[in-house]
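**Q** Have a look at this fold, sequence not included:
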């Protein structure tokens, strides 16, 4: 109970401060996204997996062409790329769908800033497991039926803007390893561990560790 109360208070405080501090930067990024290409400022991605496997609207600056998520999965032109995406642990190092401004904001995790609104609204936490796509977890559970319970454990807490996966290498970490990391975190979460992760996150971002 103490953990939940303290975490929520910390989430509200940090998210409000972050929204105020980063508002000028977010406004500039939004303008640059609109200048470079037509379409929404925020990524038009499907809902993410939230607490207790419930969907929620995930806010993130658009770093790709419009309908990039759907095109990858449905457009025959991207069939080969989609297979590469799945085989490469749901990450593409050289993704042709990424825009010029998208490459920059991804490199420094600026595209993640709108998630502070998710935290303020209570859909996410500052620290937690990754906010997975439903198709990622469904594919993983089909390939690894024994891990269904693990997914339930991971989604028993809110996904986070940052986490052990963030400070450990992000995109360089294989998908199954990310699941293991998030499972270990969900089982051994603590206020102290969260504070350490929050402290280490800026350094991981500045070093661009695993960012692409």
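**A** Noted; the coordinates are in hand. Quick caveat: nothing in here was measured; it's all calculated off a predicted structure.
**Q** buried set for the top helix by length along the chain?
**A** In the chain, assigned by DSSP state H, the helix with the most residues is helix 2-36. Residues 7, 10, 11, 14, 15, 18, 19, 26, 29, 30, 32, 33 are the ones in helix 2-36 that count as buried (16 or more other CB atoms under 10 Å). In this view, the C-beta of every residue, glycine as well, is placed from N, C-alpha and C.
**Q** what's the farthest-apart pair in these?
**A** The largest distance within the buried residues of helix 2-36, taken as CB to CB, falls between 7 and 32 and amounts to 33.7 Å.
**Q** Where do the strands of this protein begin and end?
**A** In the chain, the strands defined using DSSP state E lie at 48-49, 55-56, 125-127, 160-162.
**Q** Tell me, please, the helix or strand in the chain that averages the lowest pLDDT.
**A** helix 79-87 (a mean of 70; mean pLDDT, DSSP states H and E).
**Q** Contact partners for residue 135?
**A** Each residue near residue 135 by CB atoms under 8 Å, 6 or more residues apart in numbering is listed here: 46, 73.
**Q** can you offset everything so residue one is 575?
**A** From this message on, residue numbering opens at 575, which makes the last subject residue 709.
**Q** if I look at it, how far off is residue 652?
**A** Noted for residue 709: a distance of 15 Å to residue 652, by CB to CB, to the nearest Å.
**Q** do the same with residue 644
**A** For residue 644, the distance to residue 652 equals 10 Å [CB to CB].
**Q** between these two, who's got more neighbours?
**A** With neighbours defined as other CB atoms under 10 Å, residue 644 and residue 652 compare such that residue 652 has more, 18 against 13.
**Q** Am I right that that one is in contact with residue 646?
**A** Yes. Between residue 652 and residue 646 there is a contact under CB atoms under 8 Å: 4.9 Å.
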